[in-house]
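Peer 1: test case, fold it:
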Amino acid sequence: MRRARPTIRCLVEDLEMPLPGPDVDLGDVEHPLLRECRRLLPTAPLSQKRILSIEHPLVYRVSHGRWRGATWFDEPRDVLWLLAAAPREEGALGDAYEHFSSLHAAGRFLPDDDDRRRDRVEGAARALDAIETGLRDLLDVARSDPGSEHSRTLGDTLQVAVFLEVEDGMEWVWLAVATRDADGDPVNVRLRDLTFVIAERILEGAEWEWVGEWPTGRDLRWFEAARLGLSAPG
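Peer 2: Okay, the predicted model is just below:
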């Protein structure tokens, strides 16, 4: 999925905004230039004009109101980086682009190791959020159709199956998580374990145990782990 985000240097120095904690996605920061980057994202950089004073890498203009910015599309990561920004002073046409060229000459223009580390940390948080949202949705589907198995791929990777029954006013919830994705590639076991932790948080107060059998009678695959939770319907 394409994303737009500023470098840490651009955020702090150029936009003069504080660096938020790692639980905040820098791509969601509110600023006119960043909103414009998000708007351009589907067609960037084809919809933008190059900054010709910088030959390599290919960087492009973005503007909003009095703000001028320089962007670079990181193809392997599908990220449109806002590399630098500057307000255009009245009557000054080239000041912003001189600033961009100076940063490039000083080697302070492109994303650095801190930017990549920050993006990885945020990526982990995004993945966990996607798993929790998907698991909540899957449980809602299972509640609307008890007695049937329902499955979904969460966070674009994790294969999860849920079977739910209601008996004597209690919910019996079977949850199976695979450590292989749909293509058969391995999934980190820690991600599977975190999914069970998230399920415990969603079904607060449930009693859980590991199980080796699935209620539909199908055999669990060798790379699936399953747990049964017993809880009062919330």
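
Peer 1: what packs against the longest helix seen in the chain?
Peer 2: Counting residues, the longest helix in the chain under DSSP state H turns out to be helix 113-144. Applying 3 or more C-beta pairs under 8 Å, 6 or more residues apart in numbering; DSSP states H and E, one finds that helix 113-144 makes contact with helix 8-9, strand 149-154, strand 158-167, strand 170-178, helix 189-202. The C-beta positions use only the backbone N, C-alpha and C, and glycine is treated the same way.

Peer 1: center of this structure - which residue?
Peer 2: The centroid of the chain falls nearest to Arg126 when counting by C-alpha atoms, centre = their mean (3.5 Å).

Peer 1: okay, now the unreliable bits of this protein?
Peer 2: Counting by pLDDT under 70, the chain has low-confidence residues at 90-94, 234.

Peer 1: so how far is Ala226 from the residue nearest to Gly212 when sequence neighbours are not counted?
Peer 2: Closest residue in space to Gly212, ignoring its immediate chain neighbours: Leu220 at 6.9 Å, by C-beta to C-beta, 6 or more residues apart in numbering. Using C-beta to C-beta, to the nearest Å, we find Leu220 at a distance of 6 Å from Ala226.

Peer 1: the more surrounded of the two?
Peer 2: Set side by side, Leu220 and Ala226 show more neighbours around Ala226, with 18 against 15, by other C-beta atoms under 10 Å.

Peer 1: returning to that earlier point: which of the helices and strands packed on helix 113-144 sits closest to Arg118?
Peer 2: helix 8-9 (6.4 Å; C-beta to C-beta).

Peer 1: neighbouring contacts of whatever helix or strand comes next after that closest one?
Peer 2: Next along the chain after helix 8-9, taking DSSP states H and E as the criterion, comes helix 32-40. The contact list for helix 32-40, computed with C-beta atoms under 8 Å, 6 or more residues apart in numbering, reads 4-6, 15, 27, 44, 47-48, 62-65, 67, 69, 71, 80, 82, 85.

Peer 1: and with 7 Å instead?
Peer 2: The contact list for helix 32-40, computed with C-beta atoms under 7 Å, 6 or more residues apart in numbering, reads 4, 6, 47-48, 62, 64-65, 67, 69, 71, 80, 82, 85.

Peer 1: drop anything exposed from those.
Peer 2: Buried residues within these, counting neighbours by 16 or more other C-beta atoms under 10 Å: 4, 6, 48, 62, 64, 67, 69, 71, 80, 82, 85.

Peer 1: now those residues in TSV, with distance to Pro22 and secondary structure?
Peer 2: Output for the buried ones among the contacts of helix 32-40, formatted as TSV (distance: C-beta to C-beta, whole Å; DSSP: H, G, I helix; E, B strand; the rest coil):
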residue	distance to Pro22	secondary structure
Ala4	19	strand
Pro6	15	strand
Gln48	30	coil
Val62	26	strand
His64	27	strand
Trp67	26	strand
Gly69	24	strand
Thr71	23	strand
Leu80	21	strand
Leu82	19	strand
Ala85	22	strand
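
Peer 1: gap between Glu167 and Arg35?
Peer 2: Glu167 is 51 Å from Arg35, by C-beta to C-beta.
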